[in-house]
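Visitor: kindly return the folded structure for what I paste below:
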Amino acid sequence: MQIKDLFSKKKYATIPSASQAAPERPKRDIPEGLMNKCSKCGTIHYSKELDKNLKVCSSCGHHYRLNAWERIGMTLDDGRLYEYDADLASVDPLNFPDYAKKLKQQLDKHPNMNEAVVTGDGEISGFPVVVCVMSFDFFSGSMGSVVGEKITRAIEAAHAKKLPLVIFSTSGGARMQESILSLMQMAKTSAALAKFQGDGGLFISVMTDPTMGGVSASFASLGDYNLAEPGALVGFAGRIVIEQTIRQKLPDNFQTAEFNMQHGQLDMIVHRKDLRQTLAKLLDMHTVREGLSHGG
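Guide: All right, here's what the predicted structure looks like:
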């Protein structure tokens, strides 16, 4: 190597400074709610396509949770409900810390609902019915005094009008902020059902994900027909509480609709796409052609 080679010019790659860098591409704003990810299998769905499929995952069949008005729209003819007791709203009878504040937050978040259940009458495939539809997104579907009162009044309306009763349940259980007043609703709704069914009234219970606690231990399990959607969690206490109590590992599918069906706690598991038709068939079976409907 010659000395001159040591001083020869070499070419080096250079990195442009921030001021010289190529301009960044503008980021596309993706509208919120455009897509949904299945919590079971992870499949990404366009929201519009998911709605067309009744909010059921096309890959794994997972049934997304519905709010009360979505359920009403899918079930009743023309999505039409003549609502009962829309003016009933909860108060804070025990001055439970922050309960009034949380109630206001729920009302602000759900302006089309005043509680965790919507009740009224409508038709399913031309058959008149009284319906109660619970909504888990309102205070976790918990049953307080107003929820129990609205359901009881709906049962009494079905009794007076001699119409079948359909209740769609979803709940985390009793509303602890109302303590014993909440627990009383279990007995009140069950007593109203006993009178209704004792006089031949038809009650179809549809349990959706999740139906737990005091709701599962009262009216939800008292149907002449007890139905559930696939994969719905149905039970009283939660898995962790039970496992810690009995100190045993529970089956992986414990408290699912399939587990309950296997152990005789359900009459039928019905896919959402078949639910309206199934209800219509049951109503038709129990319809007296003069216009009255009754239990078996």
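
Visitor: in the stretch 1-150 of the chain, where is pLDDT below threshold?
Guide: For the stretch 1-150 of the chain, the stretches with pLDDT under 70 are 1-32.

Visitor: just checking, residue 169 touches residue 209?
Guide: No: assessed by Cβ atoms under 8 Å, residue 169 is found out of contact with residue 209, at 10.1 Å. The way it works is simple: take the backbone N, C-alpha and C, and place the C-beta from them, glycine included.

Visitor: and these two? which has more neighbours close in?
Guide: residue 169 (29 against 21; other Cβ atoms under 10 Å).

Visitor: tell me the SS of residue 189?
Guide: At residue 189 the chain is in helix, as set by DSSP: H, G, I helix; E, B strand; the rest coil.

Visitor: how about the nearest residue to it, chain neighbours excluded?
Guide: Excluding its sequence neighbours, the residue lying closest to residue 189 (Cβ to Cβ, 6 or more residues apart in numbering) is residue 219, at 4.3 Å.

Visitor: contacting residues around that neighbour?
Guide: Contact analysis of residue 219 by Cβ atoms under 8 Å, 6 or more residues apart in numbering lists 151, 167, 169, 186, 189, 190, 193, 205.

Visitor: what about the residues you listed, which are in strands?
Guide: Counting by DSSP state E, the contacts of residue 219 place 167, 169, 205 in strands.

Visitor: show the contacting residues for the first one.
Guide: Applying Cβ under 8 Å, 6+ apart to residue 167 gives the contacts 131, 132, 133, 134, 151, 203, 204, 205, 206, 219, 220, 223.

Visitor: could you look up the SS state of the last one?
Guide: Looking back up the chat, that one is residue 223. coil.

Visitor: what's the answer for the second one, then?
Guide: Secondary structure of residue 132, reduced to three states by three-state DSSP: strand.
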